[in-house]
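In: coords please:
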Amino acid sequence: MSYASRSVRWVSAAALISLLAACGVDSPHDEGERTISAPPGRRAKVPFKTSNGGVVERDVEVDKEGHVWIGDMGFGSIQDPKPRGNAIIDLDSRWPNGVVRYVFKSSDGGVTDVPAVVRQRVRDAMAYIKTRIPRLTFQEYADGQVPPAPYVFIRAFEPDEDDGNERSRSDVGVQPWDAGSGVPFPYYNGQLTEIGLEAEERTIVHELGHMLGMRHEHSRSDRDSYVKICINNVVDDATGNFDIESDIEALSPYDYTSNMHYRVSTFQKPPPEPWFPPLPLGCDGHVLEALADTMPDEPGVQTRTSNPDYSAQDINTLSLM
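Out: Here you go, the predicted structure:
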């Protein structure tokens, strides 16, 4: 969806608490300056750790449930102002002892409505990852159980009422959380991974890569030396997936074959009808154009990622987490 026409409103936490107090309404918990607020479905700024020990603010989307998103990558609750980390270098963002606990849940946090076929695809993708990175362990909990934090709840994606598009997305690594803050562990008391009903295993493997802590390869800070992004050829509600991530520095060679690197046609606008203007020039009408190597691709096939398998560098990265 396009955000160009939406106004951005900022709500001061202190002002909100003062207003509640003036009206005789108690705050659910006293967080002082710990709360960051933004209207649902709007943009906000949240802090991210950098590899040199600093902090940068990045533009994010806040959904109607208060969850922070950059494209298909989630970063916890807007209520928690702690800087988001990078699992490659930040131990707090890694899954303790390589154990990922998860449970399937419905969109309202009740009894699961995740179809059996989607559950099995998720389990198959996890089994594949386990064969590549044996130190990782995925522990599934039965419906209705609440695993110890940190954990992930996996639900079937429900299309946004504004655009109706199906998608998959996931929180990235272990999100910041302070048990004493009064803020629920980030999302329905668990981190979130959403899987589209039609998602293929390669897409699920991609989202589980985010769950484990990997970011997009084509968004690293040096990407402009390797790929050209023709953002005008990207569907309006997916442009955030191509933002340069200023908090992530290049610590390894650029990897065109990474599962976390999009294909030349990922999120590409459909060909226009004859009576519409043609797509903007650039990238041969696609989204990505390689500058220093050849992008792996299948002509005429538009799939989510460039590689259904993890590359050798993907496996090495996950092995370090």
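
In: pLDDT weak spots in the chain?
Out: In the predicted model, the chain carries pLDDT under 70 at residues 1-41, 106-112, 158-166, 176-190, 247-250, 272-281, 296-308.

In: for it, what's the longest helix?
Out: Using DSSP state H to define each element, the chain has its longest helix at helix 116-132.

In: what's next to that helix, contact-wise?
Out: 104, 136-138, 140, 154, 156, 195, 197, 199-201, 204-205, 208, 212, 310, 315, 318 (CB atoms under 8 Å, 6 or more residues apart in numbering). Using the backbone N, CA and C atoms, a C-beta is placed for each residue, glycine as well.

In: secondary structure element holding the residue nearest to residue 175 when sequence neighbours are not counted?
Out: In space, residue 175 comes closest to residue 76 once its chain neighbours are excluded; the distance is 3.5 Å by CB to CB, 6 or more residues apart in numbering. Using DSSP states H and E, residue 76 falls within strand 73-77.

In: over to residue 293?
Out: Judged by DSSP H and E, residue 293 forms part of no helix or strand.

In: so it touches residue 256, yeah?
Out: Yes. Using CB atoms under 8 Å, residue 293 is in contact with residue 256, at 5.3 Å.

In: between those two, which is the more surrounded one?
Out: Using other CB atoms under 10 Å as the criterion, residue 293 and residue 256 rank with residue 256 on top: 21 against 12.

In: look up how far residue 309 lies from that one.
Out: 14 Å (CB to CB, to the nearest Å).

In: again with residue 146
Out: In terms of CB to CB, residue 146 sits 34 Å off from residue 309.

In: repeat for residue 63
Out: Distance check for residue 63 against residue 309: by CB to CB, it reads 31 Å.

In: where's the nearest residue to residue 102 once chain neighbours are set aside, which helix or strand?
Out: Spatially, and ignoring its direct neighbours in sequence, residue 102 is nearest to residue 152 (4.3 Å; CB to CB, 6+ apart). Using DSSP H and E, residue 152 sits within strand 151-156.

In: from what I see, residue 260 and residue 212 are in contact.
Out: No. Look at residue 260 against residue 212 with CB under 8 Å: they stay out of range, at 10.6 Å.

In: which stretches in the stretch 51-200 of the chain count as strands?
Out: Counting by DSSP state E, counting those that start in this stretch, the stretch 51-200 of the chain has strands at residues 55-62, 67-70, 73-77, 99-104, 137-141, 151-156, 169-171, 191-195.

In: want to try a markdown table for those, with mean neighbour count as columns?
Out: Below are the strands of the stretch 51-200 of the chain laid out as a markdown table (neighbours: other CB atoms under 10 Å):
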| stretch | mean neighbour count |
| --- | --- |
| strand 55-62 | 17 |
| strand 67-70 | 22 |
| strand 73-77 | 24 |
| strand 99-104 | 20 |
| strand 137-141 | 15 |
| strand 151-156 | 22 |
| strand 169-171 | 24 |
| strand 191-195 | 25 |
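
In: please tabulate the ones you listed in JSON lines, including the columns distance to residue 286.
Out: Below are those laid out as JSON lines (distance: least, CB to CB, whole Å):
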{"stretch": "strand 55-62", "distance to residue 286": "25"}
{"stretch": "strand 67-70", "distance to residue 286": "22"}
{"stretch": "strand 73-77", "distance to residue 286": "22"}
{"stretch": "strand 99-104", "distance to residue 286": "34"}
{"stretch": "strand 137-141", "distance to residue 286": "35"}
{"stretch": "strand 151-156", "distance to residue 286": "30"}
{"stretch": "strand 169-171", "distance to residue 286": "22"}
{"stretch": "strand 191-195", "distance to residue 286": "26"}
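
In: so which of these is nearest residue 230?
Out: Counting by CB to CB, residue 230 lies closest to strand 67-70 out of the strands of the stretch 51-200 of the chain; the figure is 19.5 Å.

In: does anything pack onto that closest one? Which helices or strands?
Out: Contacts defined by 3 or more CB pairs under 8 Å, 6 or more residues apart in numbering; DSSP states H and E place strand 67-70 against strand 55-62, strand 73-77.

In: any residues touching stretch 84-98, and which ones?
Out: Taking CB under 8 Å, 6+ apart as the rule, stretch 84-98 contacts 46-49, 51, 75-76, 135-137, 150, 172-176, 212-215, 247-248, 251, 317, 320-321.

In: ok, residue 154 - contacts?
Out: Shown in contact with residue 154 (CB under 8 Å, 6+ apart): 102-105, 114, 122, 193-195.

In: list the beta-bridge partners for it.
Out: For residue 154, the beta-bridge partners are residue 104, residue 193 (DSSP bridges).

In: distance of it from residue 201?
Out: Using CB to CB, we find residue 154 at a distance of 14 Å from residue 201.

In: ok so, going back, in the longest helix of the chain, which residues are buried?
Out: Within helix 116-132, the residues that qualify as buried by neighbour count (16 or more other CB atoms under 10 Å) are 118-119, 121-122, 125-126, 128-129.
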